[in-house]
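K.L.:
output the structure for:
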Amino acid sequence: MDSKPYVALLPPDVYNIITSHLSVRDLFPLAHTSKAFQRAAESRIYETLVLRDAQRAILCLHSLGLHNAARTSYVRRLYLYQDPGRTPPRLHFGTIPVQFWSHLQAALLRMPRLEYIMFGDPTASHAWVLHHADRPVPFQLREANFNLAWGPHLAAFLNRQKRLRIRPLCALEPGALPALQVLSAPVLVVAEILVVAPPVTHLQIVADDDTMPLVPTLVADAAETMPGLINLSFLGLPTVWRALMGMPALKFVVFDFSRWAPLPTEVLQKMVVLDLQIYAPGVRQVVVWIEHHRLCWVGRPLSDSSWRHW
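P.N.:
Now for the predicted structure:
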């Protein structure tokens, strides 16, 4: 007669179903009740890792390294960023020992299921953890958000990412980023990515006073390399109207007027919208941000009276 308790004889799918109905807080004690539940509980505990301070990051990395680093195979989402509003100075990432980043690289090399990553390095100096000279990472990302230096390490990493769809933040190889659809990046980064002509449909260009004069040329280039672009947004308002004539599929535009002085009234906003219509007649919706306030203008092409906001 088998002496194992009945719960230990259940199929693995049953454990997964049970853990799927529990909160993460309940999974921790469940993982200690029996080996039968440990794997199912830990696969959910480590599926999403949110590391907002140095202490949490160090403890989590230590836990991942236990038991021959078996837990690294559970990770699908990794969010590593410093939350300044909730993190005291003693827990800032600047206090993390140097060897932490080497251990993080070793962990990434054992995460085959990783699909989503936010890498908010405050120093922007650790892109090298994504690129190992002798061993490529085993995962293919779907979404990424990086605060990292634009350089050869990040370029080498991105060149191997064939499923990435959202937000990579360096010369890239032809055919790199074949699945990229959503891009939000500074002017010079967008210029680099335009070279490989990815199938971007949603583009946000971040321009400052130094790079604002480059934006009209950048948008003209985007008209040639991104024919499927349907959503274009700017942080700032450059003079790009004429370049928009090369984007017949464009339907949605976002502007941030927060730096205007004085701030534009609704009448002035509508004038901007109507001016935009001359060069991009297919636009149906324009969203205006003024600091924390959002105004959405909706109307029919080339119709003064139809445009309304809400």
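K.L.:
what's in contact with stretch 257-269?
P.N.:
For stretch 257-269, the external contacting residues (Cβ atoms under 8 Å, 6 or more residues apart in numbering) are 236-237, 272, 288-291, 295, 297, 309. Where you see a C-beta, it was placed from the backbone N, CA and C, and this is true even at glycine.
K.L.:
need those residues in JSON lines (columns: pLDDT, secondary structure and distance to residue 217).
P.N.:
Shown next, in JSON lines, are the contacts of stretch 257-269 (pLDDT from 0 to 100; DSSP: H, G, I helix; E, B strand; the rest coil; distance: Cβ to Cβ, whole Å):
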{"residue": "236", "pLDDT": "59", "secondary structure": "coil", "distance to residue 217": "15"}
{"residue": "237", "pLDDT": "52", "secondary structure": "coil", "distance to residue 217": "16"}
{"residue": "272", "pLDDT": "80", "secondary structure": "helix", "distance to residue 217": "21"}
{"residue": "288", "pLDDT": "87", "secondary structure": "strand", "distance to residue 217": "25"}
{"residue": "289", "pLDDT": "86", "secondary structure": "strand", "distance to residue 217": "24"}
{"residue": "290", "pLDDT": "84", "secondary structure": "strand", "distance to residue 217": "27"}
{"residue": "291", "pLDDT": "80", "secondary structure": "coil", "distance to residue 217": "29"}
{"residue": "295", "pLDDT": "87", "secondary structure": "strand", "distance to residue 217": "29"}
{"residue": "297", "pLDDT": "85", "secondary structure": "strand", "distance to residue 217": "27"}
{"residue": "309", "pLDDT": "72", "secondary structure": "strand", "distance to residue 217": "31"}
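K.L.:
closest to residue 199 out of those?
P.N.:
If you rank those by distance to residue 199 using Cβ to Cβ, residue 236 comes first, at 25.6 Å.
K.L.:
I'd like the contacts of stretch 257-269 written out as a markdown table, with distance to residue 133 and neighbour count added.
P.N.:
Output for those, formatted as a markdown table (distance: Cβ to Cβ, whole Å; neighbours: other Cβ atoms under 10 Å):
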| residue | distance to residue 133 | neighbour count |
| --- | --- | --- |
| 236 | 39 | 19 |
| 237 | 44 | 16 |
| 272 | 50 | 18 |
| 288 | 47 | 22 |
| 289 | 43 | 15 |
| 290 | 48 | 16 |
| 291 | 45 | 10 |
| 295 | 50 | 16 |
| 297 | 51 | 23 |
| 309 | 54 | 15 |
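K.L.:
export these to TSV and tack on distance to residue 163?
P.N.:
Conversion of the contacts of stretch 257-269 to TSV gives the following (distance: Cβ to Cβ, whole Å):
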residue	distance to residue 163
236	31
237	34
272	38
288	34
289	31
290	37
291	36
295	36
297	35
309	38
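K.L.:
of these, closest to residue 177?
P.N.:
residue 236 (25.0 Å).
K.L.:
which residue ranges of this structure form helices?
P.N.:
Under the criterion DSSP state H, helices of the chain are mapped to 12-20, 24-31, 35-45, 54-69, 99-108, 152-159, 187-194, 215-225, 266-279.
K.L.:
mind putting those helices into TSV with distance to residue 259?
P.N.:
Formatted as TSV, these follow (distance: least, Cβ to Cβ, whole Å):
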stretch	distance to residue 259
helix 12-20	47
helix 24-31	41
helix 35-45	44
helix 54-69	34
helix 99-108	36
helix 152-159	29
helix 187-194	16
helix 215-225	14
helix 266-279	14
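K.L.:
so where's the stretch 51-200 of the chain shaky on pLDDT?
P.N.:
83-86, 166-173 (pLDDT under 70).
K.L.:
just give the number of residues close to residue 299.
P.N.:
As a burial measure, residue 299 scores 20 neighbours (other Cβ atoms under 10 Å).
K.L.:
quick check: closest non-adjacent residue to it.
P.N.:
residue 307 (3.3 Å; Cβ to Cβ, 6 or more residues apart in numbering).
K.L.:
what of residue 129?
P.N.:
residue 105 (4.1 Å).
K.L.:
residue 175 too?
P.N.:
Closest to residue 175 by Cβ to Cβ, 6+ apart is residue 196, at 6.8 Å.
K.L.:
next, count neighbours for the one you found.
P.N.:
Residue 196 is flanked by 18 other residues according to other Cβ under 10 Å.
K.L.:
returning to that earlier point: of the helices of the chain, which approaches residue 139 most closely?
P.N.:
Evaluated over the helices of the chain, closeness to residue 139 peaks at helix 99-108, with 7.8 Å, by Cβ to Cβ.
K.L.:
list the buried ones in the closest one?
P.N.:
By 16 or more other Cβ atoms under 10 Å, the buried positions in helix 99-108 come out as 100-101, 103-108.
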